[in-house]
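Undergrad: pasting the structure only:
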């Protein structure tokens, strides 16, 4: 039976980045994923925020033009609040190409990546795989999404609060206006969250997300209704693709690690509970997860796992969790109109700019273990 130091379930950005960092430190790493290619089954818009762009070495040619303007619309779509930053705040990535780049980087570091292989469970360190022979692993890492099977098998915490999102992606004609981030607060189509339109210079991304219990018409129908007259949407000039999935918004889970393994990315709840952004958290927590894994496997001391402490991280998210509850309380168009009206004031604009353009979207957990920036 094949043996490895670490088996990572899930070849998304979190799983591949964690595998790369562990392999760079000399351990044997295997990544498995049920998808046939890392470019299939994409669920994220691919919006990278400024902090991520500053701190991580993302390939510039895979990123769209910089976005400085955010427009916040009430349900009526009239008189949006425009916020403009003096810096580039967002860039939208070609996520299929980003995943392919991350796979190559992991493999170049020494990790093995096997696709079309489904995780089927673990017993006493033996990982069962559908589509491949079992593998003995000293440590298992769950990067298998918001509803993680690995979390259940390891007896770790699981996500319980979700938004469900859906998005249309289609090519647009070149040479349009400078891209902006259009956000619509409308509980009729996105209860508890937003509808959005943004482009990467070549493709428009039009989406909605909300609490599933309140989306009685179904997320696909609500998306189609929103997309019909979504502000800022350029006309399609090619085929329209759909993507979507569950977004955990309950905050980082408390129990993230044990002697058998740990969780990263959406499986760990590493998503901003307020903005529902997950790309920055997944990279930052992957750095910490890799350092903790290597320290534990080399030293054999379970105290190393305590540094991967979801409870400590949650304590730094109290304000964002409270704002998430407030956002969820906007349940009528009238309340949404009033909420956006508040943002027109000087205080409201400053608060919105702090959320959208601030530097504190997710704690820099890498500093806790003395890791250098990946740049």
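TA: Good, I have the coordinates. Predicted model, so just to flag it, every value in this text is computed and none were measured.
Undergrad: Near the nearest residue to residue 276 once chain neighbours are set aside, how many other residues are there?
TA: Sequence neighbours aside, residue 247 is the residue nearest to residue 276 in space, at 5.1 Å (criterion: CB to CB, 6 or more residues apart in numbering). C-beta: built from backbone N, CA, C; applies to glycine. For residue 247, the count of nearby residues is 22 (other CB atoms under 10 Å).
Undergrad: Beta-bridge partners for residue 247, please?
TA: residue 163 (DSSP bridges).
Undergrad: Contacts only, for it.
TA: Shown in contact with residue 247 (CB atoms under 8 Å, 6 or more residues apart in numbering): 146, 162, 163, 164, 165, 209, 266, 271, 276, 278.
Undergrad: For residue 12, see how far away it is.
TA: 14 Å (CB to CB, to the nearest Å).
Undergrad: which residues are common contacts for these two?
TA: In contact with both residue 247 and residue 12: residue 266, using CB under 8 Å, 6+ apart.
Undergrad: quick one: which helix or strand includes the nearest residue to residue 63 once chain neighbours are set aside?
TA: Leaving aside its sequence neighbours, residue 63 sits nearest to residue 91 (CB to CB, 6+ apart; 4.3 Å). Element membership for residue 91 (DSSP states H and E) is strand 90-92.
Undergrad: Buried ones in that strand, by neighbour count?
TA: 90, 91, 92 (16 or more other CB atoms under 10 Å).
Undergrad: Make a markdown table from the residues you listed and add pLDDT and distance to residue 181 to it.
TA: Listed next are the buried residues of strand 90-92 as a markdown table, based on pLDDT from 0 to 100; distance: CB to CB, whole Å:
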| residue | pLDDT | distance to residue 181 |
| --- | --- | --- |
| 90 | 95 | 6 |
| 91 | 95 | 11 |
| 92 | 95 | 9 |
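Undergrad: Format those residues as a markdown table; extra columns: distance to residue 131.
TA: As requested, the buried residues of strand 90-92 are exported to a markdown table (distance: CB to CB, whole Å):
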| residue | distance to residue 131 |
| --- | --- |
| 90 | 38 |
| 91 | 36 |
| 92 | 33 |
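Undergrad: Would you mind checking which of the residues you listed is nearest to residue 357?
TA: Of all these, residue 90 has the smallest distance to residue 357: 9.5 Å, by CB to CB.
Undergrad: I'd guessed residue 214 sits against residue 188; true?
TA: No: between residue 214 and residue 188 there is no contact under CB atoms under 8 Å: 9.8 Å.
Undergrad: which of these two has more neighbours?
TA: Neighbour comparison, residue 214 and residue 188: the larger count goes to residue 188, with 17 against 13 (by other CB under 10 Å).
Undergrad: Is the more buried one in a helix, a strand, or coil?
TA: coil (DSSP: H, G, I helix; E, B strand; the rest coil).
Undergrad: Show the contacting residues for it.
TA: With CB under 8 Å, 6+ apart, residue 188 has these contacts: 75, 222, 333.
Undergrad: ok, now residue 76?
TA: By CB under 8 Å, 6+ apart, the neighbours of residue 76 are 333, 337.
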